[in-house]
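Chemist: Okay, sequence plus prediction incoming.
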Amino acid sequence: MIGAGNGNRLPLKRSRGIDRTHGNLPVATGREGLQVRVQQLSLREQLERNHFLLERLNASSARLLQTLETGDVFEAIAEIIANLIGSEQLAIFDYCPVDRTFSLQWSLGIEAEALKPFASGHGMIGRAVQIGASQFKERQPEDALLEFEKDLTACVILKASTAVLGVIAIFGLLPQKSSLGWSDFELLKFLETYAAVALQYQRLQKKQVAP
C-alpha cells in the first residue's frame, strides 16, 4: 500500500530552523524584517510542496513499475487514486477511436448499472476524449453537467502520444477531503501518461501468452 489512505497531505519531518547573521550585517527589523520573513515562508512552502509532490510521484511510479511483473495495472491505478488522491470509487473505460465507443474494463465502489450512461460517450468523458485533455467537475459550467454525472469528480484520460487509450472516471472523494488540490492535479497528469504506458505493456504481455 502507498500513502496515508486519505488523499491528504502527508506529514513531513521538520528540522529546527536556526537564524544566523552573516558577518556584521545588521538584522532586518520592523516592516523590512516582516517582508523578509514572508518571503522566506513563501519560498519554504514552495520547496515543501515540491518535495511532497515528488514523494507522491515516486510512490506512484514504483507501484506502476511493479505491475510489469504482477500484471495488476487496474488495481495499481485504484490503489494510487485511493491512497494519494482520496477516492475509492472509480471506473476505467477503454476507448476505441475507430467507432468512438467506450467499454468498461474495471471498476471499484460503483454499481455497473450506474456506469452504463458513461459508455454512451456523453458529458465529461466524451469531452475528455474529443479535446484530448482530462476534465474536472469543478471546472465545468453547471449547465454542462448531465444528471448521471452528479457524483463524478474527474475524467482522466489515458494517453499514449496523441492517442487516447481510455479514461479513468473518478467519483466522490473521501469524507475528509472536500476538493482536489494542486498536487492532485499534478499526480493525475502523471497518471495520464504513465498509467497508459503500464496499460499498454499489460496488453502486449497478454497478447504474448494468448494461444
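Modeler: Thanks, I have it. Numbering: from 1, shown residues only.

Chemist: Distance from the one helix or strand in the chain whose mean pLDDT sits lowest to the middle of the chain?
Modeler: The weakest-scoring helix or strand in the chain, judged by mean pLDDT, DSSP states H and E, is helix 30-70 (a mean of 90). Centre-to-centre, helix 30-70 and its host chain are 16 Å apart (C-alpha atoms, centre = their mean, to the nearest Å).

Chemist: now stretch 154-170
Modeler: Using C-alpha atoms, centre = their mean, the offset of stretch 154-170 from its chain centre is 12 Å.

Chemist: which parts of that stretch are buried?
Modeler: Buried residues in stretch 154-170, counting neighbours by 16 or more other C-beta atoms under 10 Å, are found at 154-159, 164-170. All C-beta atoms are positioned from the backbone trio N, CA, C, and that covers glycine.

Chemist: Stretch 122-136 now?
Modeler: When neighbours are counted by 16+ other C-beta under 10 Å, the buried residues of stretch 122-136 are found to be 123-129, 134-136.

Chemist: Keeping just the C-alphas, turn that stretch into PDB.
Modeler: Output of stretch 122-136 as PDB, limited to C-alpha atoms (Å, rounded to 0.1, in the frame of the first residue of the first chain):
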ATOM      1  CA  HIS A 122     -21.900  11.900 -23.500                       C
ATOM      2  CA  GLY A 123     -20.800  14.500 -21.000                       C
ATOM      3  CA  MET A 124     -17.300  14.900 -19.500                       C
ATOM      4  CA  ILE A 125     -16.000  11.500 -20.600                       C
ATOM      5  CA  GLY A 126     -16.700  12.400 -24.300                       C
ATOM      6  CA  ARG A 127     -15.300  15.900 -23.900                       C
ATOM      7  CA  ALA A 128     -12.100  14.500 -22.400                       C
ATOM      8  CA  VAL A 129     -11.500  12.300 -25.500                       C
ATOM      9  CA  GLN A 130     -12.500  14.900 -28.000                       C
ATOM     10  CA  ILE A 131     -10.300  17.600 -26.500                       C
ATOM     11  CA  GLY A 132      -7.500  15.200 -25.500                       C
ATOM     12  CA  ALA A 133      -7.400  16.600 -22.000                       C
ATOM     13  CA  SER A 134      -8.700  15.500 -18.600                       C
ATOM     14  CA  GLN A 135     -11.900  17.100 -17.400                       C
ATOM     15  CA  PHE A 136     -12.800  18.100 -13.800                       C
END
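
Chemist: which residues does the closest residue to P117 other than its chain neighbours contact?
Modeler: In space, and not counting its chain neighbours, P117 is closest to F148: 4.1 Å by C-beta to C-beta, 6 or more residues apart in numbering. F148 is in contact with 114, 117-118, 123, counting by C-beta atoms under 8 Å, 6 or more residues apart in numbering.

Chemist: what about F148, distance to I125?
Modeler: For F148, the distance to I125 equals 10 Å [C-beta to C-beta, to the nearest Å].

Chemist: Report the set of residues contacting both of the two.
Modeler: Common neighbours of F148 and I125, using C-beta under 8 Å, 6+ apart, are F118.

Chemist: Which of the three states applies to the residue nearest the centre of the chain?
Modeler: Centroid-nearest residue in the chain: L188, 2.6 Å away (criterion: C-alpha atoms, centre = their mean). Assigned by DSSP: H, G, I helix; E, B strand; the rest coil, the conformation of L188 is helix.
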